[in-house]
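Below are the sequence and a predicted model for it; my questions follow.
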Amino acid sequence: MCNLKSGKCAYTQSTEPQLAKDEQWLETFDFVAFTDDIRILGKQLERNQGKEDVDHLNKMVAWSNMCAFSGIVTMGFKTN
């Protein structure tokens, strides 16, 4: 319990959360460099895309949309 007049508390609370042992690598991880590397990779992949890649992506998007439409249309049906 804390005494508001004296400002003393029987417990202390850390303002910074402690990382788990297997997550301590995050303290030294360079997020800015990682973000830059991912952007560069994305630009390289985009430059190397051909018509076949774009056609395949459009086909996958169409299948995804059809599955979503089927799910939305049939979600009101009781199957079990």
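Received, thanks.

what's the spacing between the residue nearest the centre of the chain and residue 42?
Nearest residue to the geometric centre of the chain (C-alpha atoms, centre = their mean): residue 35, 13.3 Å. Distance of residue 35 to residue 42, computed by C-beta to C-beta, to the nearest Å: 11 Å. In this view, the C-beta of every residue, glycine as well, is placed from N, C-alpha and C.

One more: residue 20?
For residue 20 relative to residue 42 (C-beta to C-beta), the value is 30 Å.

low-confidence ranges in this protein?
Along the chain, the parts satisfying pLDDT under 70 run over 1-14, 79-80.

just the helices in it please.
Remark: helices assigned in the chain by DSSP state H are 31-47, 51-74.

Show me how far the last one is from its chain's centre.
So that's helix 51-74. 22 Å (C-alpha atoms, centre = their mean, to the nearest Å).

cool, and stretch 29-39?
Distance, centroid of stretch 29-39 to centroid of chain: 15 Å (C-alpha atoms, centre = their mean).

CA atoms of it as PDB?
In PDB, the C-alpha atoms belonging to stretch 29-39 read as follows (Å, rounded to 0.1, in the frame of the first residue of the first chain):
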ATOM      1  CA  PHE A  29      17.800  -5.800 -33.100                       C
ATOM      2  CA  ASP A  30      18.200  -3.000 -35.700                       C
ATOM      3  CA  PHE A  31      14.600  -2.400 -36.800                       C
ATOM      4  CA  VAL A  32      15.500   0.500 -39.100                       C
ATOM      5  CA  ALA A  33      18.100  -1.600 -41.000                       C
ATOM      6  CA  PHE A  34      15.600  -4.500 -41.200                       C
ATOM      7  CA  THR A  35      12.900  -2.300 -42.500                       C
ATOM      8  CA  ASP A  36      15.300  -0.900 -45.200                       C
ATOM      9  CA  ASP A  37      16.300  -4.400 -46.200                       C
ATOM     10  CA  ILE A  38      12.700  -5.500 -46.600                       C
ATOM     11  CA  ARG A  39      11.900  -2.400 -48.700                       C
END
